[in-house]
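Colleague: With the sequence up front, the predicted model follows.
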Amino acid sequence: MATATFRVWRGDGGGGKYVDYRTEAGEGMVVLDAMHQIQAQQAPDMAIRWNCKAGKCGSCSAEINGMPRLMCMTRLNQLNLSEPVTVEPMKAFPPVKDLVTDVSWNFRVKQKIKRFRPRPADAPDGTHRMQQMDVDRVQEFRKCIECFLCQDTCHVLRDHHKHDEFIGPRFLVYTAALEMHPLDTEDRLPELRQAASIGYCNIGKCCTKVCPEEIHITDNAIIPLKERVADRYYDPLRMFLRVHQPKKTV
């Protein structure tokens, strides 16, 4: 059986280094298989987070040869095994140990986003009426597995560390799913403009390129949200009407 070298980052929040491991690379193997093989035969203390091994739980996110990817969905025959394959933890989040990072910041961000608030029912039996095209529009966003690869590749978080000012592409998708829901009545545009800092996104589409569910994050979520914010706060005609239209009297 062929063998390959994996250059794995080992360490914790205090620092670390790359360690080379040579292991078997059989037909049909993915990077997660190789990491488990190394863990079983050479490095029993190596920390790896994983769960489903089917690309649906988003647990095994890492950087493989510098690209944010799921280890369980990256086949070895997609990689150049004549050179060491680098495997490292996501860089947008603090390292815990080896390939495991602390992604808890994401869950705190999600808690701050206004929840779904449905409009009253359309019929006496409590049911609603919706256009199918409005239902279909948000279905794409529900495919997200929260692997946070899009957060990892976002330069605002990864390079500029604006975690206190920007919610990142994952939660812009989450907000888009709520904002575009045909039954939702909540208004999240003030938060998108201020607390979420949607203006930081320069629509480079790096998040879209790494999404394992192939969600069109930039085109279908972020750009429509930016357009809604721009229409409300920066359209000169709307600004004029907002200032000069008569105020409603109770």
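Modeller: That came through, no problem.

Colleague: roughly how far apart are the closest residue to residue 147 other than its chain neighbours and residue 185?
Modeller: Leaving aside its sequence neighbours, residue 147 sits nearest to residue 58 (C-beta to C-beta, 6 or more residues apart in numbering; 3.1 Å). From N, CA and C alone the C-beta is placed, and that goes for glycine too. Counting by C-beta to C-beta, to the nearest Å, the separation of residue 58 from residue 185 is 30 Å.

Colleague: Quick one: residues contacting residue 170.
Modeller: 106, 144, 146, 148, 150, 151 (C-beta atoms under 8 Å, 6 or more residues apart in numbering).

Colleague: Tell me the pLDDT of residue 170.
Modeller: Looking at residue 170, its pLDDT is 97.

Colleague: again, but for residue 126
Modeller: pLDDT at residue 126 comes out at 93.

Colleague: Please pull out the lowest mean pLDDT helix or strand from the chain.
Modeller: When each helix and strand of the chain is scored by mean pLDDT, DSSP states H and E, helix 236-244 comes last, with a mean of 79.

Colleague: Run through the helices of the protein in chain order.
Modeller: Counting by DSSP state H, one finds helices in the chain at the ranges 31-41, 104-112, 132-139, 149-153, 155-158, 168-179, 189-193, 206-210, 223-233, 236-244.

Colleague: coming back round to it: other SSEs contacting the least confident helix or strand of the chain?
Modeller: If you count contacts as 3 or more C-beta pairs under 8 Å, 6 or more residues apart in numbering; DSSP states H and E, helix 236-244 packs onto helix 223-233.

Colleague: for the helix it packs on, the distance to its chain's centre please.
Modeller: Here helix 223-233 shows a centroid-to-chain-centroid distance of 21 Å under the convention C-alpha atoms, centre = their mean, to the nearest Å.

Colleague: Thought residue 82 was touching residue 25, still the case?
Modeller: No. Look at residue 25 against residue 82 with C-beta atoms under 8 Å: they stay out of range, at 11.1 Å.

Colleague: follow-up on the earlier one: could you export the contacts of residue 170 as a markdown table, including distance to residue 4?
Modeller: Formatted as a markdown table, these follow (distance: C-beta to C-beta, whole Å):
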| residue | distance to residue 4 |
| --- | --- |
| 106 | 32 |
| 144 | 32 |
| 146 | 30 |
| 148 | 27 |
| 150 | 28 |
| 151 | 29 |
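
Colleague: and among the helices of the chain, the most buried is which?
Modeller: helix 149-153 (a mean of 27; mean count of other C-beta atoms under 10 Å).

Colleague: quick one on the thing from earlier: output the least confident helix or strand of the chain in CSV, but only the C-alpha positions, please.
Modeller: The C-alpha coordinates for helix 236-244 follow below in CSV (Å, rounded to 0.1, in the frame of the first residue of the first chain):
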residue,chain,number,x,y,z
PRO,A,236,-31.2,59.5,-1.1
LEU,A,237,-34.9,59.5,-2.1
ARG,A,238,-35.9,57.4,0.9
MET,A,239,-33.7,59.6,3.1
PHE,A,240,-35.5,62.7,1.8
LEU,A,241,-38.9,61.2,2.3
ARG,A,242,-38.0,60.1,5.8
VAL,A,243,-37.0,63.6,6.8
HIS,A,244,-39.8,65.5,5.1
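
Colleague: Compute the inter-axis angle for it and helix 223-233.
Modeller: Helix 236-244 and helix 223-233 meet at an angle of 40 degrees, taking axes from the mean of the first three to the mean of the last three C-alpha atoms, to 10 degrees as the criterion.
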